[in-house]
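S.K.: Mind folding the following:
(one chain, ligands or ions: 1)
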Amino acid sequence: MTTSPLKMTKKILIIGSGFSSISAATYLADKGYDVTVFEKNSSFGGRARKFEANGFTFDMGPSWYWMPDVFEKYFNDFGKSVSDFYNLKKLDPAYRVYFGKNDYIEIEDSLEKISETFEKIEKGASKNLLKFMAEAKNNYSVAMEKVVYKPGKSILELVTPGTIRRLRYFTTNIKSEVSRYFKNKKLRQIMEFPVLFLGAKPEKTPAFYNIMNHADLGLGTWFPEKGGMHKVVESMIKLAKEKGVNFKSDQNVDEIMVSNKRIKGVISNGKEFPADIVISGADYNHTEKLIPNNLKNYDDSFWNKKVFAPSSLLFYIGLNKKVKKLPHHNLFFDVDFNKHASEIYDNPKWPESPLFYLNFPSLSDKSMAPDGCENCFILIPIAPDLEDKEEIREKYLNIILKRIEDISGEKINDNIIFKKSFCVKDFMDDYNSYKGNAYGLANTLLQTSIFKPKMKSKKIKGLYFTGQLTVPGPGVPPSLISGKIVSSEVIKDYPNQ
Ligand SMILES: Cc1cc2nc3c(=O)[nH]c(=O)nc-3n(C[C@H](O)[C@H](O)[C@H](O)COP(=O)(O)OP(=O)(O)OC[C@H]3O[C@@H](n4cnc5c(N)ncnc54)[C@H](O)[C@@H]3O)c2cc1C
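M.R.: Residues are numbered from 1 along each chain as shown. Next up is the predicted model:
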């Protein structure tokens, strides 16, 4: 009689249930690993959680569904398609940008229409936009094919014929690149807007990130129907569970257990859970507080020198009326952008007169608000680590509500039937976020790719990091990619046999 060799399934514990963690969990479970996700909060999705109150459903974080190709590729990796889980609606207009009272530009749903809008504002801008966008599209293809799916381990990853030909885009910044094509200040602001998602000023962001212009104007702004952004979280979890991933909520990881510089498991809610491998999708700095000091990849001075993406003051508001004068996504650029940016990055303080972002997801999905009501989300970018007090939040809400009414003519102040705010302190308490950052590290040149904090512990065998603080960076699509990259590293290091 012959005995078949015992199949040793590696036990993997993943900290956090953000997009990167769910992604990593799914890729690994798909390859036969035994995967469990431990989330400290009572609901899943990390910064993209949702909450329900008074008949309203609020997406707590991301609201812009960009780069639909990345989501499609994600589901394709498992033989599925986005349409197996949710339907996408292309928004038209994609968004509106206010520059002053009744002074706005609307970005429509095709490059052709957008270039006509540009031409009306600046003679020749249509041709320049198409030239700019052709370059942005080429960079996007190079990024997707050659750069963003790489683990950021060696500079050689970046040396490809495609990237070498496009070297110029790494030595100049997006602000000067945009100024070569457009003179009009409003057009320049529209073209600089997408890189704000990457958490740094346009003058500090390499021009290669015009890939974000392709994501914005080229690929368009989408919305997952019947559920908004959280529909993506729910769909990914559904797929993960099909692959066998276990999800545990209210499961705070208090300590990562290490013995002889090798992972032993974690202590969660005071109980030991053995594991062969631990992957953390929680904020990097927090994860390193869960291991002995001498085994950290980076000390506090490393984090202190880093440029963090902004934090945010957020408001989730329920209105007892339907909004008539504003579309789904609105940017209020009616104040001095440079001043606000300097109050975020150079001289961190509460902004005197902030830019802000306003959206009404229930305009695209009625189920997100009761009948006759509207769901409203406001985001004010602010420096991380600012003093966060209720009076300050309230002061800004009043300033912003007044500006919305003055500038757009849409009266909402007397129609608020629900409101909740979220700011620096909540980012720290709810997500263990370093200094209350909202989107991790800024994608400046020296914080891109190989310069990002490493995915693999240098000192503990079996410990890995994923998420917006690692490669490729902040945002939902990069977080999906981050989970894929870290899972490939684990599969290479610990083949499941
Ligand atoms: C307000 C806001 C708006 C945004 N808008 C957009 C947008 O429109 N489009 C876009 O693409 N991106 C947007 N982003 C960025 C995007 O949401 C993030 O980059 C992405 O969700 C980060 O995912 P992640 O996997 O890195 O981890 P996170 O979402 O940060 O998840 C980490 C998880 O770890 C958990 N955790 C922490 N410590 C522990 C512990 N000790 N034990 C157990 N669990 C723990 C946390 O509770 C959390 O659930 C936005 C972000 C914010 C905050």
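S.K.: what's the span of stretch 357-366, first residue to last?
M.R.: 21 Å (C-alpha to C-alpha, to the nearest Å).
S.K.: Likewise for stretch 28-42?
M.R.: Start-to-end, stretch 28-42 (C-alpha to C-alpha) is 24 Å.
S.K.: residues of it that come out buried?
M.R.: 28-31, 33-41 (16 or more other C-beta atoms under 10 Å). Any C-beta I mention is one placed from the backbone N, CA and C, and that applies to glycine too.
S.K.: In three-state terms, how would Ile14 be classified?
M.R.: Three-state assignment for Ile14 (DSSP: H, G, I helix; E, B strand; the rest coil): strand.
S.K.: Verify the stated contact: Phe219 with Pro68.
M.R.: Check again: residue 219 is Leu, not Phe. Yes: Leu219 lies in contact with Pro68 (C-beta atoms under 8 Å); the separation is 6.4 Å.
S.K.: still on that earlier bit, pull the most distant pair out of the buried residues of stretch 28-42.
M.R.: Lys31 and Asn41 (27.4 Å; C-beta to C-beta).
S.K.: Nearest spatial neighbour of Ser110, chain-adjacent residues omitted?
M.R.: Distances taken as C-beta to C-beta, 6 or more residues apart in numbering put Gly220 closest to Ser110, at 7.8 Å, once the chain neighbours are dropped.
S.K.: wouldn't that neighbour be in contact with Lys90 here?
M.R.: Yes: the criterion here is C-beta under 8 Å, and Gly220 meets it with Lys90 at 5.2 Å.
S.K.: Name the residues contacting each of these two.
M.R.: Common contacts of Gly220 and Lys90 (C-beta atoms under 8 Å, 6 or more residues apart in numbering): Asp109.
S.K.: These two: who's more crowded?
M.R.: Gly220 (22 against 14; other C-beta atoms under 10 Å).
S.K.: Which pLDDT does the model give Lys231?
M.R.: pLDDT for Lys231: 98.
S.K.: Asn359 now?
M.R.: 98.
S.K.: Is it correct that it is in contact with Phe377?
M.R.: Yes: between Asn359 and Phe377 there is a contact under C-beta under 8 Å: 4.9 Å.
S.K.: Near the ligand, which residues of the stretch 351-497 of the chain are found?
M.R.: Residues of the stretch 351-497 of the chain lying close to the ligand (C-beta under 6 Å from any ligand atom) are Leu379, Tyr431, Asn432, Ala438, Tyr439, Gly467, Gln468, Pro474, Gly475, Val476, Ser479.
S.K.: hey, what's the residue lying closest to Pro93 once chain neighbours are set aside bridged with?
M.R.: Excluding its sequence neighbours, the residue lying closest to Pro93 (C-beta to C-beta, 6+ apart) is Glu106, at 4.4 Å. Beta bridges link Glu106 to Arg96 when assigned by DSSP bridges.
S.K.: what's near enough to touch Glu106?
M.R.: Pro93, Tyr95, Arg96, Val97, Thr117, Pro327.
S.K.: Give me the three-state assignment for Ser420.
M.R.: Check again: residue 420 is Lys, not Ser. Lys420 is classified as strand under three-state DSSP.
S.K.: which residues touch stretch 426-436?
M.R.: 40-41, 46-47, 282-286, 303, 308, 311-312, 384-386, 388, 423-425, 437-438.
S.K.: List buried residues within the residues you listed.
M.R.: Buried among those (16+ other C-beta under 10 Å): 40-41, 46-47, 282-286, 303, 308, 311-312, 384, 386, 388, 423-425, 437-438.
S.K.: how about the helices in the stretch 1-150 of the chain?
M.R.: For the stretch 1-150 of the chain, applying DSSP state H, counting those that start in this stretch gives helices covering 19-30, 68-76, 111-121, 125-142.
S.K.: got the buried residues for the shortest one?
M.R.: If I follow you right, that is helix 68-76. In helix 68-76, counting by 16+ other C-beta under 10 Å, buried: Pro68, Val70, Phe71, Lys73, Tyr74, Phe75.
S.K.: other SSEs contacting that helix?
M.R.: helix 230-242, helix 476-493 (3 or more C-beta pairs under 8 Å, 6 or more residues apart in numbering; DSSP states H and E).
S.K.: What of the longest one?
M.R.: Counting contacts by 3+ C-beta pairs under 8 Å, 6+ apart, helix 125-142 is packed against helix 111-121, helix 161-165, helix 174-181, helix 211-213.
S.K.: rerun at 10 Å
M.R.: Applying 3 or more C-beta pairs under 10 Å, 6 or more residues apart in numbering; DSSP states H and E, we find helix 125-142 packed against helix 111-121, helix 161-165, helix 168-171, helix 174-181, helix 185-192, helix 211-213.
S.K.: Tell me which of the ones you listed sits most buried.
M.R.: Greatest average neighbour count among the helices and strands packed on helix 125-142 goes to helix 211-213 (a mean of 27), per mean count of other C-beta atoms under 10 Å.
S.K.: what is the mean pLDDT for it?
M.R.: On average, helix 211-213 scores 96.
S.K.: Also stretch 273-280?
M.R.: 98.
S.K.: related to what we said a few turns ago, what residues do Asn359 and Phe377 have in common as contacts?
M.R.: Asp59, Ser63, His329 (C-beta atoms under 10 Å, 6 or more residues apart in numbering).
S.K.: List the contacts of the residue lying closest to the last one once chain neighbours are set aside.
M.R.: Leaving out its chain neighbours, the residue that sits closest to His329 by C-beta to C-beta, 6+ apart is Tyr95, at 3.7 Å. Residues in contact with Tyr95, defined by C-beta under 10 Å, 6+ apart, are 64, 104-108, 190, 193, 216, 221, 327-331, 357, 359.
S.K.: Tyr27 and the ligand: what is the separation?
M.R.: Distance of Tyr27 to the ligand, given as C-beta to the nearest ligand atom, to the nearest Å: 14 Å.
S.K.: quick revisit: let me know the closest of the shared contacts of Asn359 and Phe377 to the ligand.
M.R.: Nearest to the ligand among those, counting by C-beta to the nearest ligand atom, is Ser63 at 4.6 Å.
S.K.: what number of residues lie near the nearest residue to the closest one once chain neighbours are set aside?
M.R.: Closest residue in space to Ser63, ignoring its immediate chain neighbours: Asn359 at 5.3 Å, by C-beta to C-beta, 6+ apart. By other C-beta under 10 Å, the residues close to Asn359 number 23.
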